[in-house]
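[1] Quick one, structure for this:
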Amino acid sequence: MALDLELERVTDQNYPDFLAAPAALILFKIANCEKCEEFLPIVADTMQRYDGRIRWGVALLHVPGACREIKRKHRFETFPTTHFYKAGQLVHQEDHKLNAVELDAVIQKHLLGDEPPKEPSKLEKVNRVIRIILAVVTVGILLVALIAIRTRGTGY
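    Model (predicted):
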(Lines give C-alpha, C1' and ligand atoms only; values in the text may rest on other atoms or scores of the structure.)
Protein backbone atom coordinates (compact mmCIF):
# COMPACT_ATOMS: atom_id res chain seq x y z
CA MET A 1 0.00 0.00 0.00
CA ALA A 2 1.26 3.50 -0.84
CA LEU A 3 0.78 4.71 2.73
CA ASP A 4 3.57 2.34 3.83
CA LEU A 5 5.93 4.80 2.16
CA GLU A 6 5.07 7.54 4.67
CA LEU A 7 6.08 5.36 7.60
CA GLU A 8 9.75 4.61 8.12
CA ARG A 9 10.49 0.93 7.57
CA VAL A 10 11.67 -0.77 10.77
CA THR A 11 14.08 -3.71 10.60
CA ASP A 12 16.46 -5.40 13.02
CA GLN A 13 19.14 -2.94 11.88
CA ASN A 14 17.34 0.31 12.76
CA TYR A 15 15.12 -0.95 15.60
CA PRO A 16 17.62 0.24 18.27
CA ASP A 17 17.44 3.74 16.74
CA PHE A 18 13.68 3.73 17.27
CA LEU A 19 14.21 2.80 20.89
CA ALA A 20 16.55 5.79 21.26
CA ALA A 21 13.81 8.25 20.19
CA PRO A 22 12.06 10.22 22.95
CA ALA A 23 8.73 8.88 21.65
CA ALA A 24 8.15 6.24 18.97
CA LEU A 25 5.29 4.24 17.51
CA ILE A 26 5.88 1.06 15.51
CA LEU A 27 3.12 -0.66 13.61
CA PHE A 28 3.81 -4.38 13.16
CA LYS A 29 1.97 -5.88 10.20
CA ILE A 30 1.97 -8.85 7.87
CA ALA A 31 1.03 -9.28 4.21
CA ASN A 32 -2.61 -9.81 3.30
CA CYS A 33 -3.82 -8.50 6.65
CA GLU A 34 -7.07 -6.64 6.02
CA LYS A 35 -7.14 -4.97 9.44
CA CYS A 36 -3.52 -3.85 8.95
CA GLU A 37 -4.39 -2.20 5.63
CA GLU A 38 -7.42 -0.51 7.22
CA PHE A 39 -5.24 0.80 10.06
CA LEU A 40 -2.51 2.28 7.84
CA PRO A 41 -4.47 5.37 6.72
CA ILE A 42 -5.51 6.04 10.32
CA VAL A 43 -1.86 5.91 11.40
CA ALA A 44 -0.78 8.07 8.45
CA ASP A 45 -3.40 10.74 9.19
CA THR A 46 -2.50 10.74 12.88
CA MET A 47 1.19 10.96 12.01
CA GLN A 48 0.57 14.26 10.19
CA ARG A 49 -0.81 15.86 13.36
CA TYR A 50 2.08 14.71 15.57
CA ASP A 51 4.83 15.20 13.01
CA GLY A 52 8.20 15.82 14.62
CA ARG A 53 7.17 14.78 18.12
CA ILE A 54 6.99 11.03 17.53
CA ARG A 55 9.11 8.73 15.41
CA TRP A 56 6.78 6.60 13.26
CA GLY A 57 7.61 3.24 11.77
CA VAL A 58 6.18 0.10 10.22
CA ALA A 59 7.73 -3.35 10.59
CA LEU A 60 6.78 -5.83 7.87
CA LEU A 61 7.02 -9.11 9.74
CA HIS A 62 6.34 -11.19 6.63
CA VAL A 63 9.59 -10.11 4.95
CA PRO A 64 12.10 -12.95 5.45
CA GLY A 65 15.00 -12.00 7.71
CA ALA A 66 14.02 -8.34 8.13
CA CYS A 67 12.72 -8.59 11.71
CA ARG A 68 14.17 -11.85 13.01
CA GLU A 69 15.53 -10.35 16.26
CA ILE A 70 12.41 -8.25 16.83
CA LYS A 71 10.26 -11.39 16.55
CA ARG A 72 12.50 -13.17 19.06
CA LYS A 73 12.16 -10.31 21.53
CA HIS A 74 8.39 -9.76 21.26
CA ARG A 75 5.37 -12.02 20.98
CA PHE A 76 2.88 -11.26 18.19
CA GLU A 77 -0.43 -13.07 18.35
CA THR A 78 -2.69 -10.78 16.31
CA PHE A 79 -2.22 -8.10 13.68
CA PRO A 80 -1.95 -5.24 13.51
CA THR A 81 0.09 -4.90 16.68
CA THR A 82 1.26 -1.42 17.65
CA HIS A 83 4.05 -0.68 20.11
CA PHE A 84 4.38 2.67 21.84
CA TYR A 85 7.87 3.52 23.13
CA LYS A 86 8.90 6.35 25.43
CA ALA A 87 12.57 6.97 26.21
CA GLY A 88 13.50 3.51 24.93
CA GLN A 89 10.89 1.61 26.93
CA LEU A 90 7.84 -0.18 25.60
CA VAL A 91 5.11 1.63 27.53
CA HIS A 92 2.03 0.29 25.77
CA GLN A 93 0.96 -2.30 23.22
CA GLU A 94 -2.27 -2.59 21.23
CA ASP A 95 -3.06 -5.91 19.53
CA HIS A 96 -5.82 -4.70 17.23
CA LYS A 97 -6.78 -1.91 14.88
CA LEU A 98 -7.57 1.37 16.62
CA ASN A 99 -9.78 4.15 15.31
CA ALA A 100 -8.37 7.69 15.14
CA VAL A 101 -9.84 8.77 18.48
CA GLU A 102 -8.48 5.68 20.26
CA LEU A 103 -5.03 6.15 18.69
CA ASP A 104 -4.95 9.81 19.76
CA ALA A 105 -5.95 8.85 23.29
CA VAL A 106 -3.20 6.22 23.57
CA ILE A 107 -0.60 8.65 22.21
CA GLN A 108 -1.68 11.35 24.63
CA LYS A 109 -1.72 9.02 27.61
CA HIS A 110 1.47 7.05 26.99
CA LEU A 111 3.75 9.17 24.80
CA LEU A 112 3.03 12.88 25.08
CA GLY A 113 1.04 13.48 28.21
CA ASP A 114 -1.42 16.32 27.69
CA GLU A 115 0.33 17.92 24.72
CA PRO A 116 -2.38 18.40 22.04
CA PRO A 117 -1.78 17.38 18.42
CA LYS A 118 -1.05 20.19 16.01
CA GLU A 119 -3.49 20.85 13.22
CA PRO A 120 -1.80 20.44 9.83
CA SER A 121 -1.40 23.65 7.86
CA LYS A 122 -3.10 24.09 4.49
CA LEU A 123 0.26 23.53 2.80
CA GLU A 124 0.76 20.25 4.69
CA LYS A 125 -2.74 19.12 3.71
CA VAL A 126 -2.11 19.99 0.05
CA ASN A 127 1.26 18.20 0.12
CA ARG A 128 -0.39 15.11 1.57
CA VAL A 129 -3.07 15.10 -1.14
CA ILE A 130 -0.43 15.54 -3.82
CA ARG A 131 1.61 12.60 -2.44
CA ILE A 132 -1.47 10.39 -2.44
CA ILE A 133 -2.39 11.43 -5.99
CA LEU A 134 1.17 10.76 -7.18
CA ALA A 135 1.12 7.33 -5.55
CA VAL A 136 -2.20 6.48 -7.23
CA VAL A 137 -1.00 7.76 -10.61
CA THR A 138 2.24 5.78 -10.29
CA VAL A 139 0.31 2.60 -9.55
CA GLY A 140 -1.96 3.31 -12.53
CA ILE A 141 1.00 3.82 -14.86
CA LEU A 142 2.60 0.61 -13.65
CA LEU A 143 -0.64 -1.30 -14.24
CA VAL A 144 -0.99 0.11 -17.77
CA ALA A 145 2.64 -0.82 -18.50
CA LEU A 146 2.12 -4.32 -17.14
CA ILE A 147 -1.02 -4.80 -19.26
CA ALA A 148 0.83 -3.51 -22.33
CA ILE A 149 3.71 -5.92 -21.75
CA ARG A 150 1.39 -8.90 -21.19
CA THR A 151 -0.76 -8.19 -24.26
CA ARG A 152 2.09 -7.26 -26.62
CA GLY A 153 2.68 -10.80 -27.81
CA THR A 154 -0.93 -12.04 -27.73
CA GLY A 155 -2.26 -10.03 -30.67
CA TYR A 156 -4.97 -8.24 -28.70
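[2] and the gap between residue 149 and residue 143?
    From residue 149 across to residue 143, the span is 11 Å (CB to CB, to the nearest Å). For every residue, glycine as well, the C-beta is placed using N, CA and C.
[3] Residue 37 now?
    With distances taken as CB to CB, residue 37 is found 18 Å from residue 143.
[4] again with residue 53
    37 Å.
[5] quick one: which of those two has more around it?
    Between residue 53 and residue 143, counting by other CB atoms under 10 Å, residue 53 is the more crowded of the two (14 against 10).
[6] distance of the more buried one from residue 136?
    For residue 53, the distance to residue 136 equals 29 Å [CB to CB].
[7] Would you point out the helix or strand in this structure whose mean pLDDT is lowest?
    Across the helices and strands of the chain, mean pLDDT, DSSP states H and E gives its lowest value to helix 122-152, namely a mean of 85.
[8] can you give me the end-to-end distance of stretch 52-64?
    Using CA to CA, to the nearest Å, the end-to-end distance of stretch 52-64 comes out at 30 Å.
[9] average pLDDT for it?
    The pLDDT scores in stretch 52-64 average 94.
[10] Check which residues of that stretch are buried.
    54-61 (16 or more other CB atoms under 10 Å).
[11] In strands, which of the residues you listed fall?
    55-60 (DSSP state E).
[12] How many neighbouring residues does residue 100 have?
    Residue 100 has 13 nearby residues by other CB under 10 Å.
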